[in-house]
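> Sequence and predicted structure, then a few things I'm wondering about:
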Amino acid sequence: MGKRNGNAGGEPAEETPGGVPGAAPLDLNQLRTFLAVYRSGSFTAAARLLGLSQPTVTAQIRSLERQLDRELFERLPRGAAPAPFADELASRIVDPLDALAEVAGHGGDGSAEPVHVAGPAELLSHCVLPRLAPLVEKGVLLRIATGLTEELLEEMRAGRHDLLIATTRPRGRALAAVPLADEEFVLVTSAAWAERIGGPARIATDGPAALHGVPLVAYAEDLPIVRRYWRHVFGKRLVCKPAVTMPDLRAVKGAVVGGVGFSVLPRYLCLDELASGALVLLNDPDDPPINTGYLVQRPGSSDNPHVALVRNHLLESARGW
């Protein structure tokens, strides 16, 4: 905080919501613009979120900085980094402005815009969309996008998504995230390959060496899922190269079921195939590797009542994933 000047009678001057004593009250629209830039990390993204031109956003932030006599953002080649005082200002205004936005949003005719939901294609198709069917029947409109978490987070900051299922917790404080569900990873192959290598008993005896000569099917060339499984379960570094890569775990599962080789997949994706025998669980460790998924909501999306409806439904249904 800055200096606190006293008045002629020795009493401290009244402090404005922005933390500057004696200054005129701050403009609500400028505070909204500040919060949009703070959350999105970009003047351009904030302009899209607010429906304003970028020069208008820049002018409002400069006006607010002059009134506060504080720098709020460091202008970067790509985006804007909050200055220390911006963190303090955001913490003081975020709850009141979000509450005001929610009240204003619920004052309309009751209609709602589509809810934009994003996340990994496999999780959305297998777990999320089937459980949102009751909401669609009640009139909730959904717009689904798929992709990698980092790319989807950038799009969310730019205002493109209301809700995002992220495979990692977002960095920083601009996006709030809550744990949604844990996905467990399992080592699987087809029944034919399991018989050829001696099944789970052989893995229990020889460890990963039992898979020598079995083709590896993977999501990506750098084997992020399989390498993690090897380190966590076997305590060893994976040295083999994939025979087949496909950037869709559903396709990886299909290849393994078809007899291409072995892979590491989320258990939720394999339940039916494991139950039918189309896939064989090669290892069942007491401490399997897991990954926590997070549900992220875009700040400012609460003016659409259906966003909260979808969010709460996902948090409730995720207990059964």
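Here it is on my side, so go on. Note that the structure is predicted; figures quoted are calculated from it, not measured.
> Okay, buried residues for the helix or strand Pro55 falls within please.
Using DSSP states H and E, Pro55 maps to helix 54-68. Neighbour counts over helix 54-68 (16 or more other C-beta atoms under 10 Å) mark Val57, Thr58, Gln60, Ile61, Leu64, Glu65, Gln67, Leu68 as buried. Using the backbone N, CA and C atoms, a C-beta is placed for each residue, glycine as well.
> which of the residues you listed lies closest to Glu273?
Closest approach between those and Glu273, by C-beta to C-beta: Val57, at 51.2 Å.
> For the closest one, give its distance to Glu74.
16 Å (C-beta to C-beta, to the nearest Å).
> With Thr56 instead?
In this view, Thr56 and Glu74 are 20 Å apart by C-beta to C-beta.
> Count the neighbours of Ala318 for me.
Counted with other C-beta atoms under 10 Å, residues neighbouring Ala318 total 18.
> avg pLDDT for the strand or helix carrying Leu274?
Using DSSP H and E, the element containing Leu274 is helix 267-276. Averaged across helix 267-276, pLDDT comes to 96.
> Would you mark the buried spots in it?
Arg267, Leu269, Cys270, Glu273.
> Please enumerate the helices of the stretch 51-200 of the chain.
54-68, 84-105, 121-123, 129-137, 149-157, 191-197, 199-206 (DSSP state H, counting those that start in this stretch).
> Let me see the contact set for Val186.
By C-beta atoms under 8 Å, 6 or more residues apart in numbering, the contact list for Val186 reads Val264, Leu265, Pro266, Arg267, Cys270, Leu274, Leu281, Asn283, Asp284, Pro288.
> What of Cys270?
Val186, Val188, Lys253, Leu279.
> try 10 Å
Applying C-beta atoms under 10 Å, 6 or more residues apart in numbering to Cys270 gives the contacts Phe185, Val186, Val188, Leu249, Lys253, Val256, Val257, Ser263, Ala278, Leu279, Leu281.
> Look at the fifth one and give its secondary structure.
For Lys253, the secondary structure call by DSSP: H, G, I helix; E, B strand; the rest coil comes out as helix.
> Any idea how many residues pack against it?
Neighbour count for Lys253, taken as other C-beta under 10 Å: 22.
> Would you agree it is in contact with Gly261?
No: between Lys253 and Gly261 there is no contact under C-beta atoms under 10 Å: 12.0 Å.
> where do the contact lists of those two overlap?
Contact with both Lys253 and Gly261 is made by residues Val217, according to C-beta under 10 Å, 6+ apart.
> residue ranges with poor pLDDT in the stretch 201-321 of the chain?
Scanning the stretch 201-321 of the chain with the threshold set as pLDDT under 70 gives 301-303.
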